[in-house]
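K.L.:
okay, sequence plus prediction incoming.
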Amino acid sequence: MTSTTSSPPRTRGTGAVILAQLLLRIASAAGALALGSYFVDLSRQGTSVGPLLLGILSGTGFLAELVLAPLAGSASDRRGRKIFLVTAPLLAAAGVLLTPGASLLAAVPSIALVVVIVGTSRLLDGAGAAIAAPTTLGLLADSSDGDPRRRGRVTSLYELSSSGGIALGAVAGPLLYGTLGLWTFAVLAAVYVVASLLVLVFLRPGPASMITPARASLGDRVRVLVQPRLLAFLPGWIAVNAILGTWVTSQITFVLAGDVRADGQLFPGAFRGDEAGLSIVLGVYVLFFSLCIVAWAFFIGRLPTIPVLFVTAAGALIASVGLMLANRGAPLAAALPLVMIGVFLEAGFTPAALTHLSDISAEFRDDRGLIMGAYSVVVGAGYLLGNLLGGVFAQWLLFDGLALLTIGLAAIALVSITTMSAVEKRLARQRSVS
């Protein structure tokens, strides 16, 4: 089912949408890491929490994103994008305000109270993400149809706002919690509200973007989502996002700043009571990752996409080996170059993946939000998987467990991308014959 009628929309305020995306990422990343610090406090107060429970509760937000993203993306195709972009941050704000509720209700909250309140807050946060991501990507694609240079600019800015927001949030989360305690969550809610107001005030969708496409049946929508090119792509992308879900969430804060140590491992508990130091380390790591994404912008589009996906997925494996060596006391001169090379390589995966997804969505313009919802499904499924498995592996081997999990997920991604390459070649041969 392809579009044959719509013309490139003239949308004003895409800069505000990208800035709102930056604020959403800052608040989301800061909230995830602050949640890890909050769990450290709960543990010290006598509440029986641990990395496995943290992984499960963190994962509920990604479960909500996994379920709701395709529905939200499809609805934005039919009802317009602005209302969803305004509503999404408000849902996330409500969720983050709920987070400290257990401690406000009881000095030493029970596990049941923590599970109910934090689980609900994570579901609301996930619902906000489920609405925001496919709608934003759909709007940016709408606003750049017929203008490849503009599309390149807005896509690069989107990636920069996402990665830069995560970097700033990684710095802000533990630092804010160390300074403000439970008030951190109120500050982050205010950031979400500002993001909503930016879109409300400055976004002016063009007339063409407000045209309602013909209503599609459920069967039509399913056929869009199960096309072979998209299905072949998903497993590897989910595996890579599971790697991100293992590292750029609450789990890493709990491992590095918690009370549990392990013989032969240097990193677990290394930042106990040092929120500022942890913020700096995580911020430098994610900022370097962001700069690597910017560097990859000069290569994406000039190199064949599938080989780039393969090489960048292998980067996660290389970085994990370097981190394990450093955790076991290897000289930084040997471990750090491996980490930096691996991080540089893996930073190119998401830009290459979005390029591939945009190529697919070009054939289905009237269902672009639905297809961009696949991006959120991949992120939600990957982060959910990474949180759950990260909790299991951290419970088992702490920091080494997270690195071993990453190596396994990277291997799965490499196998999946190899399979995807075979599917692409087969479809190309079929098109050439027909």
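P.N.:
Looks like it arrived, so ask away. Residues are numbered from 1 along each chain as shown.

K.L.:
C-alpha from now on. contacts and neighbour counts both.
P.N.:
Noted.

K.L.:
wait, a strand at Phe298?
P.N.:
No. Phe298 is assigned coil when assessed by DSSP: H, G, I helix; E, B strand; the rest coil, not a strand.

K.L.:
quick one: neighbours of it, just the number.
P.N.:
Neighbourhood size, Phe298 [other C-alpha atoms under 10 Å]: 10.

K.L.:
roughly how far does it sit from Leu71?
P.N.:
34 Å (C-alpha to C-alpha, to the nearest Å).

K.L.:
what do you get for Leu354?
P.N.:
20 Å.

K.L.:
got it, and Ile280?
P.N.:
To Leu71, Ile280 is 38 Å away according to C-alpha to C-alpha.

K.L.:
surely Leu203 meets Ala20?
P.N.:
No. Look at Leu203 against Ala20 with C-alpha atoms under 8 Å: they stay out of range, at 10.7 Å.

K.L.:
lowest-scoring secondary structure element of this structure by mean pLDDT?
P.N.:
helix 218-225 (a mean of 67; mean pLDDT, DSSP states H and E).

K.L.:
average pLDDT across whichever helix or strand comes after that helix?
P.N.:
Following helix 218-225 in sequence order, the next helix or strand is helix 228-247 (DSSP states H and E). Helix 228-247 shows a mean pLDDT of 87.

K.L.:
could you check how far helix 228-247 is from the centre of its chain?
P.N.:
11 Å (C-alpha atoms, centre = their mean, to the nearest Å).

K.L.:
what segments of the stretch 201-350 of the chain are helices?
P.N.:
Using DSSP state H, counting those that start in this stretch, the helices of the stretch 201-350 of the chain run over 218-225, 228-247, 250-257, 275-296, 305-327, 332-347, 349-361.

K.L.:
can you name every helix or strand that the last one contacts?
P.N.:
In this structure, helix 349-361 packs against helix 228-247, helix 305-327, helix 368-433, with contacts taken as 3 or more C-alpha pairs under 8 Å, 6 or more residues apart in numbering; DSSP states H and E.

K.L.:
circling back: more neighbours, Leu203 and Ala20?
P.N.:
Ala20 (27 against 20).

K.L.:
and that one, what pLDDT?
P.N.:
pLDDT, Ala20: 94.

K.L.:
over to Ala208?
P.N.:
44.

K.L.:
what is the burial count for the spatially closest residue to Val284 that is not a sequence neighbour?
P.N.:
Leaving aside its sequence neighbours, Val284 sits nearest to Ala167 (C-alpha to C-alpha, 6 or more residues apart in numbering; 7.6 Å). Other residues near Ala167 number 26, with proximity taken as other C-alpha under 10 Å.

K.L.:
with the one 4 residues further on instead?
P.N.:
Val171 has 28 neighbouring residues, counting by other C-alpha under 10 Å.

K.L.:
before we move on, what about Gly390?
P.N.:
Neighbour number of Gly390 under other C-alpha under 10 Å is 34.

K.L.:
how close does it sit to Leu33?
P.N.:
Taken as C-alpha to C-alpha, the span from Gly390 to Leu33 is 15 Å.

K.L.:
chain center to stretch 338-354: distance?
P.N.:
14 Å.

K.L.:
quick one: mean pLDDT over that stretch.
P.N.:
Mean pLDDT, stretch 338-354: 89.

K.L.:
next, the contact list for Phe271, please.
P.N.:
Phe271 makes contacts with 256-258, 277-278, as judged by C-alpha atoms under 8 Å, 6 or more residues apart in numbering.

K.L.:
rerun that using 6 Å as the cut-off
P.N.:
256-257, 278 (C-alpha atoms under 6 Å, 6 or more residues apart in numbering).

K.L.:
same check on Leu24?
P.N.:
With C-alpha under 6 Å, 6+ apart as the criterion, no residue contacts Leu24.

K.L.:
quick one: pLDDT of the residue lying closest to Leu234 once chain neighbours are set aside?
P.N.:
Excluding the flanking residues, the one nearest Leu234 by C-alpha to C-alpha, 6+ apart is Val378, at 6.8 Å. With respect to pLDDT, Val378 scores 81.

K.L.:
neighbours around Val378, how many?
P.N.:
Val378, neighbours per other C-alpha under 10 Å, totals 25.

K.L.:
how near is it to Ala133?
P.N.:
The gap separating Val378 from Ala133 is 11 Å, by C-alpha to C-alpha.

K.L.:
so who does Gly13 touch?
P.N.:
202-204.

K.L.:
identify the residue nearest it in space, chain neighbours excluded?
P.N.:
Leu203 (4.2 Å).

K.L.:
so Val108 sits in a strand?
P.N.:
No. Using three-state DSSP, the assignment for Val108 is coil, not a strand.

K.L.:
pLDDT score assigned to it?
P.N.:
Confidence score, pLDDT, at Val108: 74.

K.L.:
cool, Asp359 as well?
P.N.:
Confidence at Asp359, expressed as pLDDT, is 72.

K.L.:
same question, the one 10 residues further on
P.N.:
Here the pLDDT value assigned to Gly369 is 72.

K.L.:
how many neighbours does it have?
P.N.:
Neighbours of Gly369 (other C-alpha under 10 Å): 32.

K.L.:
I'd assumed Leu137 was in contact with it.
P.N.:
No. Applying C-alpha atoms under 6 Å as the test, Gly369 and Leu137 come out as separate, 7.5 Å apart.

K.L.:
what's the neighbour count on Leu291?
P.N.:
15.

K.L.:
residues near Pro337, how many?
P.N.:
14.

K.L.:
for it, which non-adjacent residue is closest in space?
P.N.:
Spatial nearest neighbour of Pro337, chain neighbours left out: Gly322 (7.7 Å); criterion: C-alpha to C-alpha, 6+ apart.

K.L.:
dump the residue contacts of the one you found.
P.N.:
Taking C-alpha under 6 Å, 6+ apart, one finds 335, 338-339 in contact with Gly322.

K.L.:
tell me which residue lies nearest the centroid of the chain.
P.N.:
Compute the mean C-alpha point of the chain, and by C-alpha atoms, centre = their mean the closest residue is Val379, 5.4 Å away.
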